[in-house]
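**Q** give the three-dimensional model of this entry:
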Amino acid sequence: MKAIEEKTEYEVLNMEMEEYKSKIMCICGAGRIKEVVLKTCPHIFCKKCIEDTTANRNRKCPICGVRYTKTDIH
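**A** Got it, this is the predicted structure:
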């Protein structure tokens, strides 16, 4: 019975860790940490993703499509 409880605790901790990881990892970057926020919308991305969209002159939020300028990147 105790082994089942420990496994359940381990699974719960693993699920919590995955949830926290999803909150800090960029959804469109390959495992990169979020570090850039757009002022025009509430979305946060890794620096590489925003640099790529800015360089391509596709200055829209990859999630919601709201347009942004270089001054909106923080």
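**Q** which intervals of this structure have sub-threshold pLDDT?
**A** Counting by pLDDT under 70, the ranges of the chain that qualify are 1-6, 29.
**Q** one more time with 90
**A** 1-10, 21-23, 27-31, 42, 49, 52-54, 56-58, 62-63, 70 (pLDDT under 90).
**Q** max-length helix in this protein?
**A** If you go by DSSP state H, the chain has its longest helix at helix 2-24.
**Q** show me what it is in contact with.
**A** Identification of contacts with helix 2-24 by Cβ atoms under 8 Å, 6 or more residues apart in numbering yields 33, 34. All C-beta spots, glycine's among them, are computed from the backbone N, C-alpha and C.
**Q** dump that helix to CSV, restricted to CA.
**A** Below are the C-alpha coordinates for helix 2-24, written out as CSV (Å, rounded to 0.1, in the frame of the first residue of the first chain):
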residue,chain,number,x,y,z
LYS,A,2,2.8,2.4,0.8
ALA,A,3,4.5,1.9,-2.6
ILE,A,4,1.3,2.9,-4.3
GLU,A,5,1.1,6.1,-2.3
GLU,A,6,4.7,6.9,-3.0
LYS,A,7,4.2,6.4,-6.7
THR,A,8,1.1,8.5,-6.6
GLU,A,9,3.1,11.3,-4.9
TYR,A,10,5.8,11.0,-7.5
GLU,A,11,3.3,11.2,-10.3
VAL,A,12,1.7,14.3,-8.7
LEU,A,13,5.1,16.0,-8.3
ASN,A,14,6.0,15.1,-11.9
MET,A,15,2.7,16.6,-13.2
GLU,A,16,3.3,19.8,-11.1
MET,A,17,6.8,20.1,-12.5
GLU,A,18,5.5,19.7,-16.1
GLU,A,19,2.9,22.4,-15.4
TYR,A,20,5.5,24.8,-14.0
LYS,A,21,7.9,24.1,-16.9
SER,A,22,5.1,24.9,-19.4
LYS,A,23,4.6,28.3,-17.8
ILE,A,24,8.3,29.3,-18.3
